[in-house]
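Trainee: fold the stuff below for me.
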Amino acid sequence: MADKPRLKIPSEAKKGDIVEIKTLMPHVMESGQRKDKDGKVIPRKIINKFTCTFNGKPVFSADLEPAIAANPYLQFYVRVEESGTFKFAWTDDDGTVTTAEQSITVG
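Mentor: Model (predicted):
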């Protein structure tokens, strides 16, 4: 699918803090509307679904459409009440799923 996703999440927080999460997925995000040099349509290949869970519970998801830019960047906020692990999944048109995870300690 793509290169390794980049994540920016604090490693520590206080109970009840709202933390900012930033993700960047290197990906060409071909819309399926452009043509190559021979005039043939370049097949659509986009990330169409993003999900984030924390300790197994969903905290954010997005359905992405062909108009999304290459290298999709997502930023969102989550309130943390306990230490745990954020798990991220990006699903491509062909069913390929790229995953990443990062832990946070809540004190």
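
Trainee: sec struct for Val78, please.
Mentor: Using DSSP: H, G, I helix; E, B strand; the rest coil, the structure places Val78 in strand.

Trainee: measure it to Phe50 for me?
Mentor: 14 Å (CB to CB, to the nearest Å). (Glycine included, C-beta is placed from N, CA and C.)

Trainee: these two: which has the busier surroundings?
Mentor: Phe50 (21 against 17; other CB atoms under 10 Å).

Trainee: how far away is the more buried one from Lys15?
Mentor: From Phe50 to Lys15 the distance is 27 Å (CB to CB).

Trainee: just Lys87 next, same as before
Mentor: Distance of Lys87 to Lys15, given as CB to CB: 21 Å.

Trainee: which one in the protein is furthest away from the centre?
Mentor: Here the centre of the chain is the reference, and by CA atoms, centre = their mean the most remote residue is Asp38, at 33.2 Å.

Trainee: so how far is stretch 67-74 off the chain centroid?
Mentor: 10 Å (CA atoms, centre = their mean, to the nearest Å).

Trainee: what's the first-to-last distance across it?
Mentor: Start to finish, the residues bounding stretch 67-74 are 15 Å apart (CA to CA, to the nearest Å).

Trainee: please apply the same query to stretch 6-20.
Mentor: Stretch 6-20 has an end-to-end distance of 14 Å (criterion: CA to CA).

Trainee: could you pull out the buried residues of it?
Mentor: The neighbour-count check on stretch 6-20 (16 or more other CB atoms under 10 Å) flags 9, 13, 19 as buried.

Trainee: repeat that for stretch 45-55.
Mentor: 45-48, 50-54.

Trainee: which residues touch Lys14?
Mentor: Lys14 is in contact with 106-107, counting by CB atoms under 8 Å, 6 or more residues apart in numbering.
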